[in-house]
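K.L.:
For reference, the sequence and a predicted model appear below.
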Amino acid sequence: MEGRDRPYLVLFVLPALVFFAAFFLLPMARLVAVGGSGPGGAAATYAAIIATPRYFRSLVSSLVLSLLVTGATLLIAGIAGLFLQRHRFPGRSLLVAMLTFPLAFPGVVVGFMVIMLAGRQGVIGELFALGTGQKVVFAYSMAGLFVGYLYFSIPRVILTIMAAAEKLDASLEEAARSLGARPWHVVRDVLIPALRPAIFSSGAICFATSMGAFGTAFTLATEIEVLPMTIYTEFTLRANIAVAAALSIVLGVITWAGLALARTAAGSTVVASA
Amino acid sequence: MPRRSRAFAFQLAFTVLVSAFLIVPVGMSITAGLTANYFQGVKSGLTLRWVGEVWRLYRETIFLSMTIAGTCLALDLALGVPAAYVLVRRQSRLTRLFEEALVLPVAIPGLATALALILTYGVYREFRTSWVFILVGHVLFTLPFMVRSVLAVLSSIDLRTLEESARSLGASFIQRFVGVVLPNCRGGILAGALMVVTLSIGEFNMTWMLHTPLTRTLPVGLADSYASMRLEIGSAYTIVFFVMIIPLLVAMQLLARPRQHAAAEEPES
């Protein structure tokens, strides 16, 4: 059967293969070539990323921001996700629906949501004004970006944690508790190890999405120096195409490596759905 | 027991707070889009004036987003479903490599992919300035979701036995694909299709780089309205976006539910 079907199978996979080669592999090769085409060649271009404070700072702030967002999201979504998976109460499905609704929001909409929360007319500012008489506006800063990244990361991570928690063996926890383990020890020694694959996979997706997120920063302010904004500015405003290409490659390698690393650490297949 | 219920109350309060963080701004923007003057508050009266204004200013972006999402879906079906079938049928190192490579446009930020496309094909003016240029980016980004969705269903059924029996009855390759394979992966195709359309409608990171003033999609228009229009118009435009994606999200939820149950009941499949 295999032998006779072979020509058909080749014919079936060919369109996808050709499309992918023409519109992804070829352009990526071109990107790498352009990244190495600056004055002084590839080495000089990549060295400039480290040596130029503006580029290096934006790389570091992207990394720090994404790591902080990943940590905070795992904590928040971990608590809420486990809670929702373990308890059945009226209004639960409404809560789940509310927590997963923003999943399909593009970065620009997330940015607008941050403006609604913490912008000049934002609800947080109004609440603060009632309490202290002083209005707090932080949407257009790194703090606003942090809130925005948290906003689009929580729904993704909650879904993964809930799916993983569904398969947990409750008797392990019960055993630990009956042997006198304190709640925190149960979390540390039973829950976290059992959820390890989900934590790694959703954490990596969260990190990769935060590194590459462009729309949120674009909506909030053009002066925030994170890597995607720097790439955009270099390419469109400064026409510094070699640097923009090199920075894109650095960005792509970081997100890809993060996902690959998590997959090895989790020991199971991670579907990148960022 | 009181300890336990206190822990329950604390976690419930925490979860409610998190969902408030996500939903309050949605509610605020819906209100703002329907309020005559947001700075004066709802007491200034409710109006559909801003929605009308959005229709006047940005209706082309809505049509273009729908056209791109529909064409993107058609292309993903034509390219992705046969490819997924081959990936299940022939599991060699080569096909696994292809499967891994297909996910790269999702793992790599859209900005990088868009830049690569512009550097390679930007010189072809006709192509660069048409909406097909955006379409190519969307297909790259969404194809892995279609392939994976179909792949998941095809790997969970005993395709070999089904096909073997069809073949012993004299069915040709095409007859088997159309009569046996396609009906069996209907669920995966539908789930993948909903995902693809939702992602395409909301795609911004890539589209912002690929668009031209004459090829603006809905998220590109949104970014423009947030930057240059009054808050009420940006909000009303956001309502239009919500209205477009809510049916897709609801359909996705409904589709996921019975499948989860079926999977729980049939552990051997």
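P.N.:
Good, I have the coordinates.

K.L.:
Relative to chain B, which residue of the stretch 101-250 of chain A is the closest?
P.N.:
A:G212 (2.7 Å; Cβ to the nearest Cβ). Backbone N, C-alpha and C define where each C-beta goes, glycine included.

K.L.:
A:R30 versus the nearest residue in space to that residue that is not next to it in sequence, what's the distance?
P.N.:
Distances taken as Cβ to Cβ, 6 or more residues apart in numbering or on different chains put B:P109 closest to A:G212, at 2.7 Å, once the chain neighbours are dropped. Distance of B:P109 to A:R30, computed by Cβ to Cβ, to the nearest Å: 17 Å.

K.L.:
neighbour-wise, which of the two wins?
P.N.:
B:P109 (28 against 18; other Cβ atoms under 10 Å in any protein chain shown).

K.L.:
Quick one: residues contacting the more buried one.
P.N.:
Neighbour list for B:P109: A:208, A:211-212, A:214, A:228, A:248, A:251-252, A:255, B:205 [criterion: Cβ atoms under 8 Å, 6 or more residues apart in numbering or on different chains].

K.L.:
List phi and psi for it.
P.N.:
phi -50, psi 140 (degrees, to the nearest 10).

K.L.:
just B:T212 next, same as before
P.N.:
When read as degrees, to the nearest 10, the backbone of B:T212 gives phi -120, psi 170.

K.L.:
ok, what's across the strand from it?
P.N.:
Applying DSSP bridges to B:T212 gives these bridge partners: B:T215.

K.L.:
That one touches B:V132, doesn't it?
P.N.:
No. Look at B:T212 against B:V132 with Cβ atoms under 8 Å: they stay out of range, at 11.8 Å.

K.L.:
Which neighbours do these two have in common?
P.N.:
Listed as contacting both B:T212 and B:V132 by Cβ under 8 Å, 6+ apart is no residue at all.

K.L.:
biggest helix in the chain by residues?
P.N.:
I went with chain A, as the question did not name one. Identified as the longest helix of chain A according to DSSP state H is helix A:53-86.

K.L.:
that's the other chain; I wanted chain B
P.N.:
The longest helix of chain B (DSSP H) is helix B:49-89.

K.L.:
wait, does that one contact chain A?
P.N.:
Yes. Counting by Cβ under 8 Å from any Cβ of the partner chain, chain A is contacted by helix B:49-89 at B:78-80, B:82-83, B:85-87, B:89.

K.L.:
can you tell me how far A:G81 sits from A:L159?
P.N.:
If you go by Cβ to Cβ, the gap between A:G81 and A:L159 works out to 8 Å.

K.L.:
Could you check which of the two has the larger neighbour count?
P.N.:
Legend: neighbour count by other Cβ under 10 Å for A:G81 and A:L159, higher for A:G81 (28 against 19).

K.L.:
ok and the helix or strand containing B:M146 relative to helix B:49-89, angle-wise?
P.N.:
Using DSSP states H and E, the element containing B:M146 is helix B:131-156. Angle, helix B:131-156 to helix B:49-89, by axes from the mean of the first three to the mean of the last three Cα atoms, to 10 degrees: 50 degrees.

K.L.:
where does helix B:131-156 sit relative to the chain's centre, distance-wise?
P.N.:
Distance of helix B:131-156 from its chain centroid, counting by Cα atoms, centre = their mean, to the nearest Å, is 10 Å.

K.L.:
got the buried residues for it?
P.N.:
Buried residues in helix B:131-156, counted by 16 or more other Cβ atoms under 10 Å in any protein chain shown: B:131, B:133-154, B:156.

K.L.:
which ones among those residues come in contact with chain A?
P.N.:
Among these, chain A is touched by B:136, B:139-140, B:143, B:145, B:147-148 when using Cβ under 8 Å from any Cβ.

K.L.:
Excluding chain neighbours, give the residue nearest to A:R92 in space.
P.N.:
A:L84 (6.4 Å).

K.L.:
so the one you found sits right up against A:L94, yeah?
P.N.:
No. Here A:L84 does not reach A:L94: they are 11.0 Å apart, not a contact under Cβ under 8 Å.

K.L.:
Pick out whichever of these two has more residues nearby.
P.N.:
Taking other Cβ under 10 Å, A:L84 and A:L94 do not tie; A:L84 has more neighbours (23 against 11).

K.L.:
what about the helices in the stretch 1-150 of chain A?
P.N.:
Using DSSP state H, counting those that start in this stretch, the helices found in the stretch 1-150 of chain A span residues A:2-20, A:26-35, A:41-51, A:53-86, A:92-100, A:107-118, A:123-132, A:142-166.

K.L.:
okay, those helices in JSON lines with mean pLDDT and distance to B:S29 next?
P.N.:
Shown next, in JSON lines, are the helices of the stretch 1-150 of chain A (pLDDT from 0 to 100; distance: least, Cβ to Cβ, whole Å):
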{"stretch": "helix A:2-20", "mean pLDDT": "88", "distance to B:S29": "37"}
{"stretch": "helix A:26-35", "mean pLDDT": "92", "distance to B:S29": "36"}
{"stretch": "helix A:41-51", "mean pLDDT": "83", "distance to B:S29": "38"}
{"stretch": "helix A:53-86", "mean pLDDT": "94", "distance to B:S29": "22"}
{"stretch": "helix A:92-100", "mean pLDDT": "91", "distance to B:S29": "15"}
{"stretch": "helix A:107-118", "mean pLDDT": "93", "distance to B:S29": "5"}
{"stretch": "helix A:123-132", "mean pLDDT": "81", "distance to B:S29": "11"}
{"stretch": "helix A:142-166", "mean pLDDT": "93", "distance to B:S29": "13"}
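
K.L.:
buried residues in stretch A:40-59?
P.N.:
A:45-46, A:48-49, A:55, A:58-59.

K.L.:
per-residue confidence for residue 233?
P.N.:
Here I'm looking at chain A. On the pLDDT scale, A:T233 is placed at 90.

K.L.:
you looked at the wrong chain, it should be chain B
P.N.:
In this prediction, B:I233 carries a pLDDT score of 94.

K.L.:
pretty sure it contacts B:G52?
P.N.:
No. B:I233 is not in contact with B:G52 according to Cβ under 8 Å; the separation is 10.2 Å.

K.L.:
ok, those two, which is more surrounded?
P.N.:
The neighbour count for B:I233 versus B:G52, taken as other Cβ under 10 Å, is higher for B:I233 (21 against 11).

K.L.:
Any figure for the gap between that one and A:A118?
P.N.:
Going from B:I233 to A:A118 by Cβ to Cβ gives 21 Å.
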